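**Q** Quick check, what structure comes out for this input:
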Amino acid sequence: MLFVFIVLSHERRRVIHFNITEHPTAAWTAQQMIEAFPEDQAPRYLVRDQDGIYGEYFQNRVQGMGMQEVRTAPRSPWQNPYAERVIGSIRREYLNHVIVINDKHLRRILKVYFHYYHESRTHLSLGKDAPEARQIQANKLERIVQIPQVGGLHHRYERRAA
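**A** This is a model prediction of the structure:
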């Protein structure tokens, strides 16, 4: 079994950092926070659930980085809807359609998905824009081209000159 740790920025629904392990520990999770926020770039607040992986070592590291932890209530996924939504999207839109071979394979397919998620996938909460804002194309009499993404599971459409 593989575990995926995701750090998500709420502002633009951007996945800042992710990593994969077979055996998560509080020390490993604390190290992920350091990798996600190097050089004093840590946010003011960290919203997290009540998982046992966030042990004392993790809590001390986060406090040392100047972040204030906001814990959701037990069995209350609606209190962190952005994280729950991205996890559900990853599962529904990609992982349910592929067989993961090992951790290197999962890392590679998640990189592909996050590229799609950040640059092409629209989000209603962002005004039907992607986390990385896209340029609006002029509505001209040009043909529309289909660009396969995420191994052909999803497509991006752009106007191109005929």
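
**Q** Mind listing what's buried along the longest helix along the chain?
**A** With secondary structure taken from DSSP state H, the chain has its longest helix at helix 103-119. Applying a neighbour-count criterion of 16 or more other Cβ atoms under 10 Å, one finds 106, 109, 110, 113, 114, 116, 117 buried in helix 103-119. Any C-beta I mention is one placed from the backbone N, CA and C, and that applies to glycine too.

**Q** Which neighbouring elements make contact with the helix or strand bottoming out on mean pLDDT in the chain?
**A** Lowest by mean pLDDT, DSSP states H and E among the helices and strands of the chain is strand 154-160, with a mean of 79. Judged by 3 or more Cβ pairs under 8 Å, 6 or more residues apart in numbering; DSSP states H and E, strand 154-160 is in contact with strand 143-149.

**Q** List the neighbours of the strand it packs on that are in contact with it.
**A** With Cβ atoms under 8 Å, 6 or more residues apart in numbering as the contact definition, strand 143-149 has outside contacts at 115, 116, 120, 154, 155, 156, 157, 158, 159, 160, 162.

**Q** In the sheet, which strands lie alongside it, parallel or antiparallel?
**A** With DSSP bridges as the test, strand 143-149 is paired with strand 154-160 (antiparallel).

**Q** Give me the distance from the strand it pairs with to the chain's centre.
**A** Taking Cα atoms, centre = their mean, to the nearest Å, one finds the center of strand 154-160 at 22 Å from the center of the full chain.

**Q** So, low pLDDT: which residues of the protein?
**A** 123-126, 128, 133, 137, 141, 162 (pLDDT under 70).

**Q** follow-up on the earlier one: strand 143-149 and the longest helix of the chain, what's the angle between them?
**A** 150 degrees (axes from the mean of the first three to the mean of the last three Cα atoms, to 10 degrees).

**Q** Could I get the full set of helices for this protein?
**A** Using DSSP H, helices in the chain cover 26-36, 56-64, 81-93, 103-119.

**Q** helices or strands up against the last one?
**A** Meaning helix 103-119. Where contact means 3+ Cβ pairs under 8 Å, 6+ apart, helix 103-119 is packed against strand 14-21, helix 81-93.

**Q** Could you point out which of these sits nearest residue 131?
**A** strand 14-21 (4.3 Å; Cβ to Cβ).

**Q** name the helices or strands packed onto the closest one?
**A** Counting by 3+ Cβ pairs under 8 Å, 6+ apart, strand 14-21 packs on strand 3-9, helix 26-36, helix 103-119.

**Q** any idea how far residue 72 is from the residue lying closest to residue 36 once chain neighbours are set aside?
**A** Spatial nearest neighbour of residue 36, excluding adjacent residues (Cβ to Cβ, 6 or more residues apart in numbering): residue 17 at 3.6 Å. Look at residue 17 and residue 72: by Cβ to Cβ, to the nearest Å, they are 20 Å apart.
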